[in-house]
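[1] requesting a structural model of the entry that follows:
(2 chains)
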Amino acid sequence: MARINAQNQYYKDLNKLIRSCGESDIELDNVMGQRFIACGMKGKNFLIHGVPGNALGAYLDGSSIEVTENAQDAVGDTMNEGRIVIHGSVGDACGYAMRGGRIYIRDCAGYRAGIHMKAYKDKQPLVVIGDAAGSFLGEYQAGGTIIVLGLKQNGKPPVGYFCGTGMHGGKIYLRSDYPPFDLPPQVSCREAQKSDLDDIRVKISEFCSIFNMDKEEIMSKHFLVLEPNSANPYKQLYTNI
Amino acid sequence: MESFQREGDVRIPAGCAISSMFSKTGRKFSGEGMIKSISIMHDRSNGLGGGFAGYGIYPEYKDFYAFHVFYDSDDARHITEDFIDEHFDIVNLSKIPTKKNKNITDEPLIWRYFVTPLPTKLAQSQLEEDEYTVRCVVKINTHIKGAYVFSSGKNMGIFKAVGYPEDVGRFYRVDEYEGYAWTVHGRYPTNTPGWWGGAHPFGLLDYSIVHNGEISSYDANRRAIEMYGYRCTLQTDTEVITYMIDYLHRKQKLSLEECAHVIAAPFWSTIDRMNEDKKREYTYLRNTFSSLLINGPFSIILGFDGGLMALNDRLKLRSLVAAEKNDMVYFSSEESAIKIIEPNPDRIWYPKGGEPVIVTLNEGVEA
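    Predicted coordinates:
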């Protein structure tokens, strides 16, 4: 295992150091805003202490990243494979154009989580958010799954405004007593069926064990499923709003 | 300076960085923390502008307007000083102390004046003191070639230049001033060439704005605000936001919350779902000041006498993080820029688009 002190290191130097490091397990201390950490990397395990900068794990290709506090914007941008775990919250646009792998966020995500996520055959990206997400969750979502558990929301929809705007593929599961009040007509909302609940159970398994949460208690509450509404296709989406 | 292209000469089609810190108890601290904070976000700037605003930094002259002025030449200075002398009582004037920095070059002459309007002239003008001062500042900036007043508030000052913000801070020795609030900006200009006067913060009276974004409604906002006597000379969107705040807050006497609901108004579809009282208020503001709605991505920090306001565009297309620790409040483009100066905040949060966060000095605290 390698341990790297990131204090006062410029992001380019830090990333060079990481890329030239032969070890498969890498622990980074005193990270403070350095961008593009672990960008495009495969086959490594990162443990990060401090606040990693924007685009953490961009284009990630199979590595695993664990952050012990919050992360900033664009976590897992266009990530292809691997796992990112955040023991805290993330900024905006996490999982932007993500095409594979898993992102687990213990607390909250900012605006536009899962924007433009997509899926193809065995590439099925997954984002699980423990508490709540900001507005425009799953904007233009084309595939994959987003789950928001609302653990501190007491049954209120755990999302901001304009959830699923432009969504045309994939699924959003919300643990909520009732739907967000402003879902666009192009998104349909229904009660989770047994097959959905089975799917959720599988997909939050790893999340629950990482964060030491009680899966059965989480599953005991009400879930909703958001999907593209094929009966109401897009026209005039961004005009007249 | 003459060979440079100025703001206003050309518009090129910004990343930027903003940060601020504020003590609710009015405790004073130097600008050093702001240098540390902004340097973490070095790559959000490109060396074409940086600046600081400090509040509470001139306690010995707190009742006087502090003019910070750039001059291209001594001629411009003489003409301007004659003009200031004709309209104000100058109680102190000096060059602003700077420290040579290899990354800060082509500096203009930089002077500071503590002034108060001449009572006879003020009475003659039949204007309030603030309005009188604004008109004089606008006159200098539009009529005296080679002179530019870039800071004009009381007990506050703006320090800005072309360069990276951390170098600009060292150049102006902001670590030697103490204030209860500071804002800082690192610039990545995308629309204008980058001139000393066009760096942020942008100021008028005690208002100062640092801004990260790109306003697509610039021309609509400019046309609207120029109808009320302002002159937008720099083509930078930050200038127009500053005038809009001055107009809405100082002249129209809107509260800061109301100002935020004008410039970052919610969508009609969102307003439609509000309760009747709120709906009436938001509809009134959107209709009455429709041309002062700002479109396009922005995050701004407004400094004013006794407080700060942070605001995102309604779609939140730029980042903004807030944090608190004891008496301190922090706003910044990135969480790392806060944690480098306060590693263990009591609370960190992400303000929502269009929802202002306003902090003011605790009751009874004097700025």
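[2] what's the spacing between B:Ser37 and B:Thr133?
    To B:Thr133, B:Ser37 is 31 Å away according to C-beta to C-beta, to the nearest Å. C-beta coordinates here come from the backbone N, C-alpha and C atoms, glycine included.
[3] ok, the closest residue in space to B:Ser125 that isn't next to it in sequence - how many residues close by?
    Once flanking residues are discounted, B:Ser125 sits nearest to B:Tyr132: 5.3 Å by C-beta to C-beta, 6 or more residues apart in numbering or on different chains. By other C-beta atoms under 10 Å in any protein chain shown, 20 other residues sit near B:Tyr132.
[4] next: the one 4 residues further on.
    If you count neighbours by other C-beta under 10 Å, B:Cys136 ends up with 23.
[5] for B:Phe114, which residues make a bridge with it?
    Note on B:Phe114: beta-bridge partners by DSSP bridges are B:Ala66, B:Asn92.
[6] these two touch, right, it and B:Asp89?
    No: look at B:Phe114 against B:Asp89 with C-beta atoms under 8 Å: they stay out of range, at 9.5 Å.
[7] between those two, which has more neighbouring residues?
    B:Phe114 (21 against 14).
[8] for that one, give its distance to B:Ser94.
    In terms of C-beta to C-beta, B:Phe114 sits 9 Å off from B:Ser94.
[9] equivalent analysis for B:His78, please.
    Distance from B:His78 to B:Ser94, by C-beta to C-beta: 16 Å.
[10] mind checking the SS state of the closest residue to A:Glu69 other than its chain neighbours?
    Closest residue to A:Glu69 apart from its sequence neighbours, by C-beta to C-beta, 6+ apart: A:Gly88 at 4.8 Å. At A:Gly88, secondary structure determined by DSSP: H, G, I helix; E, B strand; the rest coil is coil.
[11] pLDDT value on the residue of the stretch 251-367 of chain B found nearest chain A, please?
    Nearest residue of the stretch 251-367 of chain B to chain A, counting by C-beta to the nearest C-beta: B:Ser336, 3.0 Å away. Looking at B:Ser336, its pLDDT stands at 97.
[12] need the contact partners of the strand or helix carrying it.
    Assigned by DSSP states H and E, B:Ser336 belongs to helix B:335-339. Helix B:335-339 has contacts (C-beta atoms under 8 Å, 6 or more residues apart in numbering or on different chains) with A:32-33, A:50-51, A:53, A:70, A:72, A:91, B:17, B:19, B:37-38, B:40-41, B:321, B:323, B:330, B:332, B:345, B:348.
[13] at 6 Å what do you get?
    For helix B:335-339, the surrounding residues in contact (C-beta atoms under 6 Å, 6 or more residues apart in numbering or on different chains) are A:32-33, A:51, A:70, A:72, B:19, B:37, B:40-41, B:321, B:323, B:330, B:332.
[14] check what pLDDT residue 38 gets.
    By default, I'm working from chain A. 97.
[15] please refer instead to chain B.
    97.
[16] give me the element it is part of.
    Using DSSP H and E, B:Ile38 falls in helix B:32-40.
[17] may I see the buried residues of that helix?
    Counting neighbours by 16 or more other C-beta atoms under 10 Å in any protein chain shown, one finds that the buried residues in helix B:32-40 are B:33-35, B:37-40.
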